[in-house]
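[1] please work out how this folds:
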Amino acid sequence: MALSDTVKQEIQQAYRAILAGKGVKARYGQRLMIAEIARYIGDITANDGKRTSAPATCVVEAGTGTGKTLGYLVAAIPIARALGKTLVVSTATVALQDQIVNKDLPDLRKHTDLKFNWSLAKGRGRYLCMSRLEARLHEEGVGDSDTMPLFLLDDPSDEEPGTRAFFEDMLARYGSREWDGDRDHWPTQIPDETWRQVTTDHRQCTNRHCSYFDSCAFFDARKGLEDADVVVANHDLVLADLALGGGAILPEPENALFIFDEAHHLPDKALNHFAASVPLNATRQWLKQLSQALAKIPPFLSPGTLAAKTVDKISASARDVDGVLVQVYSQVDGETPWDMNDERRSAQWRYPEGNLPDALTEIAATAQVSTATLVRQLGVLADELQKAFDDKKDHDVDRATAEAWFPVIGAFHSRAEDQYRLWTAWCEKYEPEEGRYKIPPPARWTVKQRWDHAEDITLFSSPVLADSLLYSRLWSRAYGAVLTSATLTALGRFDRLQSRAGLPENSRFLVVPSSFRYAEMATVEVPAMSVMPTDDDFTEALVKRLPDLWAGEKATLVLFTSRRQMHAVRDALAPDFPDLITTQDDMAKGEVLKQHCERVDADKPSVLFGVASFAEGIDLPGHYLGHVVITRLPFSVPDDPIEASLAEWVTGRGGNPFMEITVPDASVKLVQAVGRLLRTEQDTGRVTILDRRIVARRYGQLLLDALPPFRRVIER
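    Next up, the predicted model:
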């Protein structure tokens with residue numbers, strides 16, 4: 001559809017209006033981005049609203065300071081409305097999701113004549129379940145309850161669970177509308193083990209049949225979804241919807257225009273979403289919980305009914321699965337060359353090219369069949385319980401029993417499905433063609449862990465690349481999709497993203513020039529170092545060098561690739577520099593940053609130590625950060641089984657995995673780390689790289705050239 005003059009004019013007027021309303025100047029890169037997105041969508045051909053042109057995406061790398069959120073919203077909202085499509089904006093982080101919903105979209109509607117509404121979409125597990133909260137409070141008040149065995153829904157944990165006072169506070173705040181039931185909006189971090197007790201998933205939720213449906217936080221948040229012009233989601237929710245066939249939670253891909261912000265996370269998110277695992281002994285413990293539940297339910301069921309008969313079948317299936325798990329544990333434990341000792345209490349083994357030993361393949365097939373039967377029978381019981389919510393018909397199960405047991409059986413059903421995914425993945429066959437695999441076979445590996453009084457073996461499976469998953473489920477179906485981030489290229493090229501995300505060959509790519517005057521604003525420095533990061537005494541060298549680097553600085557961020565090294569350096573330096581150093585592990589991320597800023601505001605120096613998440617996910621503009629120290633180049637950990645499987649596949653095809661995978665990956669991470677320094681056009685500072693490989697190795701020049709054009713200071 002070629003853009004009409006009316007739509008073009010609407011975009012131009014909206015852009016001028018938002019600039020005037022916010023009192024900011026137009027940015028060249030932002031205007032380029034708006035024009036590129038508008039051209040891309042305008043070039044899509046359609047018939048009766050269905051795309052007829054070949055699949056294609058629009059990929060825009062736009063650095064910090066471009067104003068990319070405003071850019072894609074101004075371009076896409078008028079076009080999506082003209083096409084009758086829903087604009088789905090997906091982010092990787094809750095922080096950006098909240099920023100778009102609470103700041104960017106309200107600003108756009110306030111300062112322009114654009115008419116649109118929006119809705120926030122998060123997964124059910126981010127919201128309070130009132131039914132579970134009430135049941136938890138009831139159970140704590142009256143002791144063990146036969147009618148609501150909630151203890152069966154919770155994973156065993158050594159952690160102190162939430163106190164009754166905490167849950168009562170939660171109820172009071174939700175009841176008074178002081179809190180909207182969104183986990184991310186609670187004033188403090190809620191531990192996972194506490195939150196699990198008061199949330200639910202689609203297998204446990206009774207939807208309209210729940211007595212709290214009219215006041216449900218999740219469904220309240222969803223009310224505007226169907227009528228929204230803009231839906232703000234996250235990558236995990238988009239992937240969950242696609243796994244359900246698309247259109248189950250969000251609009252159908254064919255009727256949506258997608259904007260993926262922080263798009264560099266999408267391939268890894270997809271891999272995580274389609275990965276599977278089964279901890280063998282923990283699953284056997286879970287089967288014991290299932291047996292406890294099944295022993296309690298018969299008094300509430302009439303003998304001879306389908307529900308009562310199904311309980312017996314589930315019990316038999318559970319025993320079968322338990323027996324198979326014992327065999328799997330014995331086989332894996334006995335045949336795997338574990339590298340463990342008294343000090344090393346965890347070991348990992350990856351199966352080359354995903355090939356399992358024949359004996360293990362046979363047992364995995366048996367486990368798949370047994371688990372499939374368990375899943376099927378749990379599904380039958382869940383269906384029988386759900387029927388009791390229909391008041392218009394007579395049922396074998398009464399409603400009170402259904403309300404008590406449906407969430408419990410639903411949780412068991414969901415957990416069994418997760419296990420079935422692993423066995424199915426382990427049983428898939430991948431055959432090479434002419435001695436080579438056309439696509440990389442899945443990564444399959446196992447991890448053994450040992451504690452003081454227990455041990456377990458966990459089996460894993462994961463796709464190695466998300467390309468075919470994303471292409472078949474998303475790119476080939478979506479009306480259109482825009483991917484944007486500050487770091488989408490690797491070594492100045494889009495090849496890495498295109499292969500890992502499976503982007504269609506007709507996709508368009510653009511790098512938007514930054515408004516930053518890099519050479520005037522900052523330097524990148526590589527000082528002389530007598531040791532390399534691969535040397536044994538590198539940690540000691542860091543301890544000696546770092547104090548000189550932060551001397552005279554108000555705000556310094558030191559980035560490590562290893563937590564162990566970060567803590568070792570901190571422990572060595574802290575006595576001589578009391579109250580100066582804070583590591584990202586000392587407290588919650590938000591509190592670490594808050595204390596850092598308070599120290600800087602109080603005119604006291606502050607040094608932050610961080611690893612990967614601080615190399616990408618923090619924003620410290622102006623005087624809150626003047627110096628970024630990168631201790632070593634961010635090469636991937638060599639024992640990551642997915643990366644190792646990908647490298648194995650590249651090698652098998654005659655490639656060089658170090659240059660094709662490791663170096664490009666490191667380039668992306670290095671650019672992200674360097675990107676912490678300059679957050680606004682007024683910022684200044686310096687980056688120091690203590691890894692001499694960036695100048696001593698041939699690939700180092702590639703990494704340096706991929707950095708922003710800072711003024712370089714390299715000691716020889």
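
[2] please make it C-alpha for all contacts and neighbour counts, starting now.
    Noted.

[3] residue contacts, residue 370?
    For residue 370, the set of contacting residues under the criterion of CA atoms under 8 Å, 6 or more residues apart in numbering consists of 317, 320, 321.

[4] the helix or strand where it lies: how far from the chain's middle?
    In the assignment (DSSP states H and E), residue 370 maps to helix 358-387. When C-alpha coordinates are averaged (CA atoms, centre = their mean, to the nearest Å), helix 358-387 and its chain have centres 28 Å apart.

[5] go through it and flag the buried ones.
    By neighbour count on 16 or more other CA atoms under 10 Å, the buried set for helix 358-387 is 360-361, 363-382, 384-387.

[6] what angle do whatever helix or strand comes next after that helix and helix 358-387 make?
    Past helix 358-387, heading to the C-terminal end, the next element that is a helix or strand (DSSP H and E) is helix 399-427. Calculated by axes from the mean of the first three to the mean of the last three CA atoms, to 10 degrees, helix 399-427 forms an angle of 160 degrees with helix 358-387.

[7] host element of the closest residue to residue 568 other than its chain neighbours?
    If the residues on either side of it in the chain are set aside, residue 568 comes closest to residue 539, at 7.7 Å by CA to CA, 6 or more residues apart in numbering. In this structure, residue 539 is located in helix 538-550 according to DSSP H and E.

[8] what of residue 498?
    Under the criterion of DSSP H and E, residue 498 resides in helix 495-501.

[9] quick one: contacts of stretch 581-588?
    Surrounding stretch 581-588, the residues in contact under the criterion CA under 8 Å, 6+ apart are 570, 574, 592, 596, 606, 607, 608, 609, 610, 611, 614.

[10] how about the contacts made by residue 672?
    The neighbours of residue 672, taking CA under 8 Å, 6+ apart as the test, are 487, 615, 616.

[11] and what of residue 277?
    Residues touching residue 277, when contacts are defined by CA under 8 Å, 6+ apart, comprise 418, 419, 422, 458, 459, 460, 461.

[12] now do the helix or strand harbouring it: distance to the chain's middle.
    Element membership for residue 277 (DSSP H and E) is strand 276-279. Centroid separation for strand 276-279 versus its chain: 18 Å, with CA atoms, centre = their mean.

[13] quick one, the next helix or strand after it and helix 399-427 angle?
    Taking DSSP H and E as the definition, the helix or strand that follows strand 276-279 towards the C-terminus is helix 280-296. Helix 280-296 runs at 150 degrees relative to helix 399-427, counting by the same axes, to 10 degrees.

[14] what is helix 280-296 packed up against?
    helix 306-335, strand 455-462 (3 or more CA pairs under 8 Å, 6 or more residues apart in numbering; DSSP states H and E).

[15] by contact count, what packs against the first one?
    When you say that, I think you mean helix 306-335. Using 3+ CA pairs under 8 Å, 6+ apart: helix 306-335 touches helix 280-296, helix 358-387.

[16] and the shortest one with helix 306-335, angle?
    In other words, helix 280-296. Using the same axes, to 10 degrees, the direction of helix 280-296 lies 160 degrees away from that of helix 306-335.

[17] could I have the CA atoms of helix 280-296 written out in CSV?
    Output in CSV follows, covering the C-alpha atoms of helix 280-296 (Å, rounded to 0.1, in the frame of the first residue of the first chain):
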residue,chain,number,x,y,z
LEU,A,280,15.3,-36.0,37.5
ASN,A,281,15.2,-36.2,41.3
ALA,A,282,13.2,-33.0,41.7
THR,A,283,10.7,-34.4,39.3
ARG,A,284,10.5,-37.6,41.4
GLN,A,285,9.8,-35.4,44.4
TRP,A,286,7.1,-33.6,42.4
LEU,A,287,5.6,-37.0,41.6
LYS,A,288,5.4,-37.6,45.3
GLN,A,289,3.5,-34.4,45.7
LEU,A,290,1.1,-35.5,42.9
SER,A,291,0.6,-38.8,44.8
GLN,A,292,-0.3,-36.8,48.0
ALA,A,293,-2.8,-34.8,46.1
LEU,A,294,-4.4,-37.9,44.4
ALA,A,295,-4.7,-39.5,47.9
LYS,A,296,-6.7,-36.6,49.2
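
[18] can you pull out the strands in the stretch 151-300 of the chain?
    Taking DSSP state E, counting those that start in this stretch as the criterion, the stretch 151-300 of the chain contains strands spanning 230-234, 256-260, 276-279.

[19] apologies, that question was intended for the stretch 1-150 of the chain.
    46-47, 50-51, 58-62, 86-91, 118-120.

[20] and the fourth one, what's buried?
    Right, the one you point to is strand 86-91. 86, 87, 88, 89, 90, 91.

[21] centroid residue for the protein?
    A centroid search over the chain (CA atoms, centre = their mean) returns residue 269, at 5.1 Å, as the residue closest to the centre.

[22] could you list the domains of this structure?
    By the record's domain assignment, the chain is partitioned as 5-121+225-271+467-512, 126-216, 278-334+356-432, 518-714 (automatic domain parsing).

[23] now the helix or strand containing residue 664: how far from the chain's centre is it?
    Assigned by DSSP H and E, residue 664 belongs to helix 663-674. Computed by CA atoms, centre = their mean, the chain-centroid distance of helix 663-674 equals 19 Å.

[24] export it as CSV, just CAs?
    Coordinates of the C-alpha atoms in helix 663-674 are reproduced here as CSV (Å, rounded to 0.1, in the frame of the first residue of the first chain):
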residue,chain,number,x,y,z
VAL,A,663,34.4,-12.2,17.8
PRO,A,664,31.1,-10.8,16.4
ASP,A,665,29.3,-11.7,19.7
ALA,A,666,32.1,-9.9,21.6
SER,A,667,31.8,-6.9,19.4
VAL,A,668,28.1,-6.5,20.2
LYS,A,669,28.7,-6.8,24.0
LEU,A,670,31.7,-4.4,23.8
VAL,A,671,29.7,-1.8,22.0
GLN,A,672,26.9,-2.1,24.6
ALA,A,673,29.4,-1.8,27.4
VAL,A,674,31.0,1.3,25.9
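
[25] could you point out which element follows that helix?
    Sequence-wise, the next helix or strand beyond helix 663-674 is strand 685-689, with elements assigned using DSSP H and E.

[26] so what does the next helix or strand after that following strand touch, helix or strand wise?
    Once strand 685-689 ends, the next helix or strand along the chain (criterion: DSSP H and E) is helix 693-696. When contacts are defined as 3+ CA pairs under 8 Å, 6+ apart, helix 693-696 sits against helix 698-705.

[27] tell me which residues are up against the first helix or strand past the helix it packs on going along the chain.
    Moving toward the C-terminus from helix 698-705, the first helix or strand encountered (DSSP H and E) is strand 711-714. Residues external to strand 711-714 that are found in contact with it (CA under 8 Å, 6+ apart): 518, 519, 520, 522, 523, 524, 525, 526, 527, 528.

[28] what's the spacing between the closest residue to residue 572 other than its chain neighbours and residue 574?
    Beyond its immediate neighbours in the sequence, the residue positioned closest to residue 572 (CA to CA, 6+ apart) is residue 543, lying 6.9 Å away. When distance is defined by CA to CA, to the nearest Å, residue 543 is 10 Å away from residue 574.

[29] just give me the neighbour total for residue 531.
    Taking other CA atoms under 10 Å as the neighbour definition, residue 531 ends up with a count of 17.
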